[in-house]
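1. here is a sequence together with a model predicted from it:
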Amino acid sequence: MRTTLTCAFTQWSPGLGDNHWMGWLTVAVYLLAAVASGLAALQLSGATGLDGRERRFWILAAGLMLALALNKQLDLQSLLTMIARCHSQLAGWYEARRRVQEGFILLVAVGGLLVLGVLALSLRDILGRVWLALVGLGFVCGFIVVRAASFHHVDLALGSRLAGIKLNWLLEVPGPALVALFAMLRRARLPD
């Protein structure tokens with residue numbers, strides 16, 4: 001493992017992953033979603049029963065949005081990719097990496113769907129309170145799956161522009177924006 005990490009860290013270094021105004025805007029949207037979700041959870045502090053379950057949902061959403069904001073600029077998925085590449089080269093299965101990548105993407109997609117399904121099922125009593133934020137989390141999961149499938153042709157498509165805006169941005173921003181918007185709307189409806 002030490003050799004794999006040495007290999008990965010010689011080829012990857014921490015830095016700004018998307019040092020562009022739209023990259024920073026995306027980070028700001030993730031942070032807004034994290035703060036809005038955290039404030040919704042805070043407003044429900046001490047809650048029990050259904051309100052307690054909603055509070056835990058907002059805590060989960062806040063944590064996920066904060067983690068994705070940090071990852072957006074630290075580019076940690078590139079480190080994970082480099083670790084996997086170095087490991088596959090050192091272990092001698094680099095030539096079979098496409099099958100492993102496809103399996104990984106399938107695992108991420110199925111895992112994301114299962115998590116969202118279990119979340120929706122466990123939140124069924126309060127789904128009316130959080131449904132739009134859950135849809136936003138679904139968008140985020142979908143974007144993560146698309147990014148995980150970063151084969152060359154997918155990267156080219158995500159880099160293409162529509163009216164001067166990268167398709168990547170159009171796919172990434174709606175999820176956290178929905179979470180932020182719905183958390184703010186939900187806070188406005190909660191008693192102080």
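-> Looks like it came in fine. Numbering: from 1, shown residues only.
2. alpha carbons only for contacts and neighbour counts from here, please
-> Fine.
3. show me where the protein has helices.
-> 2-11, 21-43, 49-74, 76-91, 97-122, 127-148, 152-159, 167-172, 174-189 (DSSP state H).
4. show me what the third one is packed up against.
-> It stands for helix 49-74. helix 21-43, helix 127-148, helix 174-189 (3 or more Cα pairs under 8 Å, 6 or more residues apart in numbering; DSSP states H and E).
5. confidence-wise, which helix or strand of the chain is lowest on average?
-> The weakest-scoring helix or strand in the chain, judged by mean pLDDT, DSSP states H and E, is helix 152-159 (a mean of 57).
6. sorry, back to before: turn the helices of the chain into a markdown table, including mean neighbour count.
-> What follows is those, written out as a markdown table (neighbours: other Cα atoms under 10 Å):
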| stretch | mean neighbour count |
| --- | --- |
| helix 2-11 | 14 |
| helix 21-43 | 21 |
| helix 49-74 | 19 |
| helix 76-91 | 17 |
| helix 97-122 | 14 |
| helix 127-148 | 19 |
| helix 152-159 | 13 |
| helix 167-172 | 17 |
| helix 174-189 | 21 |
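7. these: lowest mean pLDDT?
-> If you rank the helices of the chain by mean pLDDT, helix 152-159 sits at the bottom with a mean of 57.
8. could you tell me the end-to-end distance of stretch 40-59?
-> Using Cα to Cα, to the nearest Å, the end-to-end distance of stretch 40-59 comes to 8 Å.
9. check stretch 118-134 too.
-> 12 Å.
10. can you list contacts of that stretch?
-> With contacts defined as Cα atoms under 8 Å, 6 or more residues apart in numbering, stretch 118-134 is touched by 50, 53-54, 116, 178-180, 182-183, 186.
11. go again with 6 Å.
-> 178-179, 182 (Cα atoms under 6 Å, 6 or more residues apart in numbering).
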